[in-house]
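Colleague: Any chance you can model this:
(one chain, ligands or ions: 1)
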Amino acid sequence: MSTVWIQARRAARMNPSIIREILKVTEKPGILSMAGGLPSADTFPVEALKVACDTVLSKNPREALQYSASEGYAPLRDWVAQRVSALGMQVEPEQVLITTGSQQGLDLVGKILCDSGAPVAVETPTYLGALQAFTPYEPIFTSLASDGEGVVPDAFKRLRHDAPGTRFAYLLPNYQNPTGRVMGAARREQVVAAARQAGVPIVEDNPYGDLWFEAPPPPALASLWPEGTLYLGSFSKVLTPGFRLGYVIAPKELYPKLLQAKQAADLHTPGFNQRVVYEVVRDGFLEQHVPSIRARYRAQRDAMTQALREHLPAGCEWQEPTGGMFFWIRLPEGLDAMALLPQAVDAGIAFVPGAAFYAQSPDARTLRLSFVTLTPAQIGEGVAILGRVLRETLALAEEPTP
Ligand SMILES: Cc1ncc(COP(=O)(O)O)c(C=O)c1O
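Modeller: Residues are numbered from 1 along each chain as shown. Sure, this is the predicted structure:
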């Protein structure tokens, strides 16, 4: 087909998100979907947001509806700088850049730090949306060896040799998407020491840190190496993703470039949204609201733990998450999660095959289950169906071929 349009090299590298493609299938009525990465809509504080919208439109309607500063709404930046002190970070409001979701923060990071052919290190597996955000800037990904606590410190030693000039390591220490794992305190110290030693700065992504079930996670990596860590936070999982509000906390030397990238991207994040969210959070609303999300998600996590123990065949492996939204399952040898998905959808459930979360060498036996959007009873039902599909497939594989 002839066309007058010549696409950029970066456009050829962009792929449709496999998760969005899967979500289209799972939107069929009646499907028990454990595929989505969405928070539970029942946790959105609709009343508080309604009152805050009204306050903003009554008090400062014209300022709220006008263009505004690219850095973000000053009282919200102050609030963020104050809030992250609970994570051990000492931050000045001038280091806070309000972004249109933390997803935009990832794009801005890619824009100012990645070059064609320059290495970027990621966990194994890692957040698919970050791979998508960085990919158009043409980095070469290196998968850092990782275990049940996240990246293994020794992996940094190999970078000097295998990927000299690595621009940054993208790390998710709290209830990682997709695995749900959390990095312990000792591991954090070791990882930061190893990254420093290797001369590789860290991009720390923390949208799930508030969603702990038993005890809060250890201090942020950014608290251990402030000048070598760029930190991303989000309001999506503690308030609502619909306002598209996140933030980057940048070392002072990086801030001006990030700000220029932000200006070019969208001038600023909607001032109205920033003011509404500030009205909601300014007087400690999250201190009562977030515990209610934790209690709800913990009960759903417990339901999934019980269902997995009851219904999954021997040989399936998982680690119970202590926060966040996801279980990560490794299937017995010979099974392929992607190949199983159509059968699972026909049987009435959906999950996300894990392969998409790997920058290199995908593990086809892995899959991600979200526990936050179904009720405990539906979780029981959904996992029972998954167990049945797995048993049937294993039984078929064991049948002697004629
Ligand atoms: C690890 C991680 N980072 C970033 C994001 C983007 O979040 P948002 O743009 O809504 O702040 C998500 C969304 O699910 C995520 O899981």
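
Colleague: Tell me how many other residues crowd the residue in the stretch 51-200 of the chain that the ligand sits nearest to.
Modeller: Relative to the ligand, the nearest point of the stretch 51-200 of the chain is residue 101 (2.6 Å; Cβ to the nearest ligand atom). All C-beta atoms are positioned from the backbone trio N, CA, C, and that covers glycine. Around residue 101 there are 21 other residues, counting by other Cβ atoms under 10 Å.

Colleague: what's the answer for residue 265, then?
Modeller: Residue 265, neighbours per other Cβ under 10 Å, totals 16.

Colleague: residues of the helix or strand harbouring it that come out buried?
Modeller: Taking DSSP states H and E as the definition, residue 265 sits inside helix 255-266. With burial defined by 16 or more other Cβ atoms under 10 Å, the residues of helix 255-266 counted as buried are 255, 258-259, 261-262, 265.

Colleague: After the helix or strand bottoming out on mean pLDDT in the chain, heading C-terminal, what element do we hit next?
Modeller: Least confident helix or strand, the chain: helix 18-26 with a mean of 70, by mean pLDDT, DSSP states H and E. Note on helix 18-26: by DSSP H and E, the next helix or strand toward the C-terminus is strand 32-33.

Colleague: Show me the contact partners of that next one.
Modeller: 23, 26, 348-350, 373-374, 378, 381-382, 385 (Cβ atoms under 8 Å, 6 or more residues apart in numbering).

Colleague: what's the most distant pair in those?
Modeller: Greatest spatial distance among the contacts of strand 32-33 (Cβ to Cβ): 23 and 381, at 19.9 Å.

Colleague: how about the nearest residue to residue 381, chain neighbours excluded?
Modeller: residue 32 (6.2 Å; Cβ to Cβ, 6 or more residues apart in numbering).

Colleague: List the beta-bridge partners for that neighbour.
Modeller: residue 349 (DSSP bridges).

Colleague: what about it, how many neighbours?
Modeller: For residue 32, using other Cβ under 10 Å, the count is 22.

Colleague: still on that earlier bit, which residues touch the residue of the stretch 51-200 of the chain closest to the ligand?
Modeller: Per Cβ under 8 Å, 6+ apart, neighbours of residue 101: 234, 236, 241, 244-246.

Colleague: which other residues reach the helix or strand hosting residue 62?
Modeller: Using DSSP H and E, residue 62 maps to helix 61-65. Helix 61-65 is contacted from outside by 56-57, 271-272, 275, using Cβ under 8 Å, 6+ apart.

Colleague: Sort out which residues of it are buried, please.
Modeller: Going by 16+ other Cβ under 10 Å, helix 61-65 has these buried residues: residue 64.

Colleague: quick check, distance from it to the centre of its chain.
Modeller: 32 Å (Cα atoms, centre = their mean, to the nearest Å).

Colleague: Extract the CA atoms of it and return them as PDB.
Modeller: Extracted in PDB, the C-alpha atoms of helix 61-65 (Å, rounded to 0.1, in the frame of the first residue of the first chain):
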ATOM      1  CA  PRO A  61     -12.400  29.000  40.000                       C
ATOM      2  CA  ARG A  62     -10.500  31.200  37.700                       C
ATOM      3  CA  GLU A  63      -7.000  30.300  38.900                       C
ATOM      4  CA  ALA A  64      -8.000  26.600  38.900                       C
ATOM      5  CA  LEU A  65      -9.200  26.700  35.300                       C
END
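
Colleague: still on that earlier bit, and the contacts of residue 101 near the ligand, which?
Modeller: The subset of the contacts of residue 101 within reach of the ligand, counting by Cβ under 6 Å from any ligand atom, consists of 234, 236, 241, 246.

Colleague: Same list (those residues) but as TSV, adding secondary structure and pLDDT.
Modeller: Converted to TSV, these look like this (DSSP: H, G, I helix; E, B strand; the rest coil; pLDDT from 0 to 100):
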residue	secondary structure	pLDDT
234	strand	98
236	coil	98
241	helix	97
246	strand	98
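
Colleague: can you name the two of these that are farthest apart?
Modeller: 241 and 246 (9.6 Å).

Colleague: Who has more neighbours out of those two?
Modeller: residue 246 (25 against 19).

Colleague: which residues does the more buried one contact?
Modeller: Residue 246 neighbours (Cβ under 8 Å, 6+ apart): 98-105, 207, 232-236.

Colleague: This completes my enquiry, with thanks.
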